[in-house]
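Chemist: Sequence first, predicted model second:
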Amino acid sequence: MISLPDVIAAFCEQLWMPDPGMVEIVLGTVAANRLPGDPVWTWLVGPPSSGKSETLASISHLPEVHRVSVFTEAGLLSGSPGNKGSGGLLFEIGSRGLLVFNDLSVLLGEHGSTRPRIFGLMRELFDGDLIRQVGTEGGQRLHWRGKIGLLGAVTEAVDVLDIGLMGERIVYYRLPPIDVQEERQTGLFALENVGRQQEMRATIAETVAHFFADLVLPGKIALPDTADQDRLVDLAAIGTRCRSPVVRDSYRREIDLVPQAERVPRLLAQLAQLRAGLLAMGVRQDETWRLLTKVALDGMSGARRRVLDTLTGRSRDRATSTVAGFTGLPETTARRHLEDLTAIGVVERTGEFPTCWRLSEWAADLWQRLDLPSAKGAP
């Protein structure tokens, strides 16, 4: 019988992997989508050649997996008037499936005029109900209903799009940065496997397929105890507020709109689904909470998170220049992120000369209560 440590060991033979979190979150997403409940859509965010595609390739032998690069309305549902049959990806998948995008940059690179429709289709897919009318004079009404999970990989280019404005249905796992020594170790490890990559990918995929074939999932998701319920709600509360979008004028860069913050239920449900999937696979309780915490906070862009981290280390206020110095961002950029965080109620301004900032009281209380991580070396 294949266990989770066996799967991790198979990965570690091919990739330098001091942190197995990316593997656990990918497999946890698969398990979560096999459980009853709404789908879980997880995007891996990281630089090129960081192991995202290799990790996604590991689930290629699972029966529910369908690899795609981009989709259109016609590609999802197709048919012609007078033809009672229907086609398209969704009818190929059936009522349940898992879409895997090795490179979501193709999807996100859609022209601005067509991108809203693409994301509209994605919302309908997530909600499990898609209708398309084809032909004239009544034509044909194509209807699909089911459950579609999604896993994808993308670079930090995703942070320049206001996906949150279109209704956030995605959770993110951002690959942690590595230092120069780790980068060197990654390269040396890759050199050792030159010429064996395809064989090793096949071995990992077979190991993962056997793992899921042996895995017995519960018929329903059991509610956590009261303390864990409170922890999940608090995580969803801080996660949704911190990732809430702020709209700025494209020319003047002034704030034009601060939409009401996203409500808790959707992210809370996704965290609960992921928690159930991770625990069912045998992930330890402490590791499960580490991953859930990371997913909740990774909804923020990388730059916003770095700025926020400077305010979570200690209680004293931070000047804009201090924040910029720690994050490595230009002072103007750091100020914009601080203003955005202030607009959504996570940060408050405490001084004018110099301008200083601190976590708002409710955010500081939640950060402490949840024992959330802060950036290493924060001033």
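Modeler: Structure received. Numbering: from 1, shown residues only.

Chemist: Tell me which stretches of the chain form strands.
Modeler: Using DSSP state E, the strands of the chain run over 41-45, 65-68, 96-101, 129-134, 140-145, 147-154, 171-174, 247-248, 255-257, 318-319, 347-352, 355-359.

Chemist: export those strands to CSV and tack on mean neighbour count, mean pLDDT and distance to G219?
Modeler: Just so you know, the C-beta spots here come from the backbone N, C-alpha and C atoms, and that holds for glycine as well. Below are the strands of the chain laid out as CSV (neighbours: other Cβ atoms under 10 Å; pLDDT from 0 to 100; distance: least, Cβ to Cβ, whole Å):
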stretch, mean neighbour count, mean pLDDT, distance to G219
strand 41-45, 22, 94, 23
strand 65-68, 15, 92, 23
strand 96-101, 21, 94, 15
strand 129-134, 15, 81, 24
strand 140-145, 16, 84, 22
strand 147-154, 23, 93, 16
strand 171-174, 24, 94, 24
strand 247-248, 15, 87, 44
strand 255-257, 12, 88, 44
strand 318-319, 22, 92, 50
strand 347-352, 14, 88, 44
strand 355-359, 20, 92, 42
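
Chemist: can I see the domain layout of the chain?
Modeler: 4-224, 302-370 (automatic domain parsing).

Chemist: Of the ones you listed, which shows the lowest average pLDDT?
Modeler: Per-stretch mean pLDDT for the domains of the chain is lowest at domain 4-224 (a mean of 84).

Chemist: Distance to S250 added to the domains of the chain, as CSV?
Modeler: Output for the domains of the chain, formatted as CSV (distance: least, Cβ to Cβ, whole Å):
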stretch, distance to S250
domain 4-224, 11
domain 302-370, 13
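
Chemist: So for G277, which of the ones you listed sits nearest?
Modeler: domain 4-224 (3.4 Å; Cβ to Cβ).

Chemist: how long is the closest one from one end to the other?
Modeler: Terminal residues of domain 4-224 are spaced 22 Å apart (Cα to Cα, to the nearest Å).

Chemist: Who are the contact partners of the residue nearest the centre of the chain?
Modeler: Nearest residue to the geometric centre of the chain (Cα atoms, centre = their mean): Y172, 1.6 Å. Listed by Cβ atoms under 8 Å, 6 or more residues apart in numbering, the contact set of Y172 reads T42, W43, L44, V45, V295, D298, G299.

Chemist: Report the two members of those separated by the largest distance.
Modeler: Top of the distance list for the contacts of Y172 (Cβ to Cβ): L44 and G299, 13.6 Å.

Chemist: and W43, how far is that from L311?
Modeler: 26 Å (Cβ to Cβ, to the nearest Å).

Chemist: Over to S95?
Modeler: Taken as Cβ to Cβ, the span from S95 to L311 is 46 Å.
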